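Asker: Task: produce atomic coordinates for the following.
(one chain, ligands or ions: 1)
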Amino acid sequence: MFFFFIIGTHFFTWGSEQTPREMRCGKCGTVAHFTLKKGMRFITLFFIIPIIPISGVKELAQCPTCGTRYQMTA
Ligand SMILES: [Zn+2]
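Answerer: All right, here's what the predicted structure looks like:
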């Protein structure tokens with residue numbers, strides 16, 4: 001038997017809270033409450049199955065207009 005595995009990495013995000021304050025997007029100029037997300041990079045199997053986390057949890061704010069993500073600095 002021959003097993004073929006495709007190993008890659010993928011950045012997964014989750015969460016849909018709003019930022020308490022309005023932020024300005026540096027890309028499209030929108031001023032709005034951004035979506036707060038947490039994200040983590042995983043080694044994946046077949047592109048979709050996360051197996052091993054290879055980064056810590058990162059806090060991200062996503063622009064509701066263009067979808068650009070900004071990493072939050074604590
Ligand atoms: Zn934007």
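
Asker: helix/strand/coil for residue 44?
Answerer: strand (DSSP: H, G, I helix; E, B strand; the rest coil).

Asker: Does it touch residue 5 like I think?
Answerer: No: using C-beta atoms under 8 Å as the test, residue 44 is too far from residue 5 to be in contact (10.4 Å). Glycine gets a C-beta too; all of them are placed from N, C-alpha and C.

Asker: Comparing these two, which residue is more hemmed in?
Answerer: A direct count of neighbours by other C-beta atoms under 10 Å for residue 44 and residue 5 places residue 44 higher, at 18 against 6.

Asker: Which strand or helix spans the closest residue to the more buried one other than its chain neighbours?
Answerer: Spatial nearest neighbour of residue 44, excluding adjacent residues (C-beta to C-beta, 6 or more residues apart in numbering): residue 10 at 4.7 Å. Counting by DSSP states H and E, the element that carries residue 10 is strand 7-24.

Asker: is that strand up against the ion anywhere?
Answerer: No: contact between strand 7-24 and the ion, assessed by C-beta under 5 Å from the ion, is absent, since the two come no nearer than 8.8 Å.
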